[in-house]
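A.B. asks: everything below, folded, please.
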Amino acid sequence: MGTDQGRAVTEPVMLRVGFTLALVALVTVATLGANNMRPPAAMVGAGALAAACAGVALTAPRWPRTALIAVPALVGIYFATGGADGPIFLLPALAAFGAASVRPARDLAVPAALAVLVLVAGMTARVLVAGYPAWVTLWQTLGTAALALAAAAVGWWRSARRDANAERIRRAATEEQLRIARDLHDGVGHGLAVIAMQAGVALHVLERNPEAVRDALVAIRDTSRDALNDLRTELTTLTGDAAERRPRRGLADLPVLVDRVRAAGLDVDVRVPALPLPADVDHVAYSIVAEATTNVLRHAQATRVTVEIMREGQAVTVRVADDGRGRTTDAPTGGLGLRAMADRAAELGGTLVAAPGPERGFVVRAVLPVGAAESTEDRA
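C.D. replies: Got it, this is the predicted structure:
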């Protein structure tokens, strides 16, 4: 593992070093060839300037402002000292691309203006010192500047695309973290609430009703096992082992949930007709019932809870009401459970309202559209 990681880190570095050496060598050789009619000292000097310019241009991603000014300066010195036309014309564009890939336009405005001035000064010196034709120098200067601007535009486009991809990845990671948190809250949180209630029942009847204690311990065992399975399922998601993931729970699992809530001492009235629902709607409906009944166990001090699921046209209504003390959890803007239920309903295009009942207790009511989900499954 350590060797593979070391190799993965080393290979990009080696590629960058190899590319740098290859480019510098190519520019140097091409420049020496373009200046082969000049005296040997001048030819070597021109090659050295071209090599230095190429090296500086490659540092633009690390030092963008410096490279953006230094490369045109070296180009100007090269031509002011009589250098012949060659690949050095391309190096300002390379520096502009590297700088624009890491810095926005507003950060490079001043260095770019200075770079243009330096390039114009150097090309003007070529005309005055080396006697090069002015009209050719003008077009070469405009062409070099235009090529650098085009390269900078490509660099900014590349940077914007990279940032957008990074933001999309961050958003997807955040959404996945929220989903895992909701699933853990639904599964493990519900299990722990039932375990706590069963433990309380067992302690209450410990001496006078051993059979009830036994039933409570059995319920604790079964609930804890399922809670651990839910936790293991989410952990396999984090480790990427999708083969071990279990199907998501749906309304078919509602009888087991209801039995556990009843075993905790709560009277549950269930009115759920046979409803063939899309998988996503089925899972969200079950999750809302599980979270709402968990809140009743934890907060309501209720004796009875009613669960109703009805289909009306292209929507399913999930209603959970209790006869407890009114507000069973934090406000909708503060409680994780209520936020999770509202988020799940909103993901399907539905709504969820949680409020005190008309007389007493608390009511959770969700409306989940099923038409779009069914159309999607039909097309699949």
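
A.B. asks: now do the strands in the chain.
C.D. replies: Here the chain has its strands, by DSSP state E, at 267-271, 304-312, 315-322, 351-356, 362-369.

A.B. asks: angle of the first one against strand 304-312?
C.D. replies: Orientation note: strand 267-271 sits at an angle of 10 degrees relative to strand 304-312 (axes from the mean of the first three to the mean of the last three Cα atoms, to 10 degrees).

A.B. asks: then strand 267-271 to PDB, C-alphas only?
C.D. replies: Presented in PDB, the C-alpha positions along strand 267-271 are these (Å, rounded to 0.1, in the frame of the first residue of the first chain):
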ATOM      1  CA  ASP A 267     -51.300   1.800  21.600                       C
ATOM      2  CA  VAL A 268     -51.000   2.100  17.800                       C
ATOM      3  CA  ASP A 269     -53.900   2.300  15.500                       C
ATOM      4  CA  VAL A 270     -52.800   1.600  11.900                       C
ATOM      5  CA  ARG A 271     -54.900   2.400   8.900                       C
END
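
A.B. asks: any buried residues in that strand, and which?
C.D. replies: 268, 270 (16 or more other Cβ atoms under 10 Å). Glycine gets a C-beta too; all of them are placed from N, C-alpha and C.

A.B. asks: sheet-wise, list the partners of that strand with their directions.
C.D. replies: Here strand 267-271 has these sheet partners by DSSP bridges: strand 304-312 (parallel).

A.B. asks: mind listing what's buried along the partner strand?
C.D. replies: Those buried within strand 304-312 under the rule 16+ other Cβ under 10 Å are 305, 306, 307, 308, 309.

A.B. asks: and for the residue lying closest to residue 53 once chain neighbours are set aside, the neighbour number?
C.D. replies: Leaving out its chain neighbours, the residue that sits closest to residue 53 by Cβ to Cβ, 6 or more residues apart in numbering is residue 74, at 4.1 Å. For residue 74, the count of nearby residues is 25 (other Cβ atoms under 10 Å).

A.B. asks: do the one 10 residues further on as well
C.D. replies: Here the count is done by other Cβ under 10 Å, and residue 84 has 19 residues near it.

A.B. asks: now it: phi and psi?
C.D. replies: When quoted as degrees, to the nearest 10, the phi and psi of residue 84 stand at phi -80, psi 160.

A.B. asks: isn't it up against residue 38?
C.D. replies: Yes: contact status for residue 84 versus residue 38: in contact at 7.3 Å, counting by Cβ atoms under 8 Å.

A.B. asks: overlap in contacts, the two.
C.D. replies: residue 46 (Cβ atoms under 8 Å, 6 or more residues apart in numbering).

A.B. asks: mind putting the buried residues of strand 304-312 into TSV with pLDDT and distance to residue 137?
C.D. replies: Below are those laid out as TSV (pLDDT from 0 to 100; distance: Cβ to Cβ, whole Å):
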residue	pLDDT	distance to residue 137
305	89	87
306	90	89
307	92	85
308	91	85
309	90	82
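
A.B. asks: between all of the residues you listed, which two are at the greatest distance?
C.D. replies: 305 and 309 (13.6 Å; Cβ to Cβ).

A.B. asks: ok so, going back, quick one, which of the strands of the chain is nearest to residue 171?
C.D. replies: strand 351-356 (23.0 Å).
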